[in-house]
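**Student:** Turn this into a model:
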Amino acid sequence: MKTKKHDTRWMVSVALMAAIVIVLANTPLGMIQLPVIKATTVHIPVIIGAILLGPSAGAILGGVFGICSLISNTMAPTLLSFAFSPFMSTTGIPGALKAIWISVGCRILIGLISGWLWMLLMKLKMSQLIALPVVGFVGSMVNTVTVMGSIYLMFAREYAQAREVGVSAVWGLIMGTITASGIPEAIAAAVLVLALGKVLVGVFRKMNLRTSTGSMRVF
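**Tutor:** Numbering: from 1, shown residues only. Got it, this is the predicted structure:
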């Protein structure tokens with residue numbers, strides 16, 4: 001009965017975090033205005049969920065993030081929606097599968113890697129004040145690097161056409177995006193995960209909720 005109670009709490013917690021992901025993905029709250037660019041915050045609850053509830057929860061939340069991205073790029077397409085929506089594919093079924101990987105698969109990796117990294121750092125007995133921002137930074141960079149890297153590997157020609165540049169210029173554009181957008185987003189994620197994670201880890205422990213480093217079964 002106790003295990004079932006904890007399982008229910010875990011599922012409710014995942015559902016609540018998923019609701020936060022959906023809200024951020026569909027409102028201006030999902031963006032932070034930085035001096036030069038707007039940084040997304042949708043991956044923050046994915047990273048925090050992975051820390052609090054384990055890699056499996058992180059993967060679920062990442063999947064929710066990815067589905068929101070897929071829907072957004074389908075309903076309100078942009079020049080690069082072909083890389084995120086299978087319905088915007090210009091290369092048939094292969095392109096559609098690639099788009100699903102970029103929009104959903106890469107976002108699932110955010111939760112998995114964040115959860116695994118947190119567990120590793122806790123096993124190494126790293127201070128939470130260091131571990132939280134490290135996981136936040138790495139989780140955010142996983143999002144940027146896997147998405148942009150996959151676009152380069154899978155859609156270089158289409159990306160070049162959309163940006164009206166030669167294929168040889170795509171690598172520079174990808175690296176420019178990672179540097180100009182990915183790094184500021186990662187720094188913002190490190191700060192937010194530290195600020196929110198420190199409080200929530202304590203709350204979850206007081207509520208006796210299962211965490212990825214608890215003595216109970218890890219998800």
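**Student:** Which residue, other than its chain neighbours, is closest to the residue positioned nearest the centre of the chain?
**Tutor:** Centroid-nearest residue in the chain: residue 43, 3.7 Å away (criterion: C-alpha atoms, centre = their mean). Excluding the flanking residues, the one nearest residue 43 by C-beta to C-beta, 6 or more residues apart in numbering is residue 143, at 5.0 Å. Every residue, glycine included, has its C-beta placed from N, CA and C.
**Student:** do residue 162 as well
**Tutor:** Of all residues not flanking residue 162 in the chain, residue 79 sits nearest, at 4.5 Å (C-beta to C-beta, 6+ apart).
**Student:** element containing that neighbour?
**Tutor:** Secondary structure assignment for residue 79, by DSSP states H and E: no helix or strand.
**Student:** So which residues of this structure form helices?
**Tutor:** For the chain, helices defined by DSSP state H occupy the ranges 2-25, 43-53, 55-75, 92-100, 106-123, 128-163, 170-177, 183-206.
**Student:** mind checking pLDDT for residue 15?
**Tutor:** If you check residue 15, the pLDDT there is 94.
**Student:** Give me the neighbour count for it.
**Tutor:** For residue 15, the number of neighbouring residues by other C-beta atoms under 10 Å comes to 11.
**Student:** shaky segments in this structure?
**Tutor:** 1-6, 31-39, 207-219 (pLDDT under 70).
**Student:** contacting residues for residue 154?
**Tutor:** Contacts here follow C-beta atoms under 8 Å, 6 or more residues apart in numbering; on that basis residue 154 touches 83, 98, 101-102.
**Student:** Could you check how far it is from residue 74?
**Tutor:** As judged by C-beta to C-beta, to the nearest Å, residue 154 and residue 74 stand 18 Å apart.
**Student:** Kindly report the same for residue 121.
**Tutor:** Residue 121 is 37 Å from residue 74, by C-beta to C-beta.
**Student:** who has more neighbours, the two?
**Tutor:** residue 121 (19 against 16).
**Student:** correct me, but that one touches residue 131?
**Tutor:** Yes. Judged on C-beta atoms under 8 Å, residue 121 makes contact with residue 131 at a distance of 4.1 Å.
**Student:** Next, count neighbours for the nearest residue in space to residue 200 that is not next to it in sequence.
**Tutor:** Distance criterion C-beta to C-beta, 6+ apart; nearest residue to residue 200, sequence neighbours excluded, is residue 52 at 5.9 Å. Neighbours of residue 52 under the rule other C-beta under 10 Å: 27.
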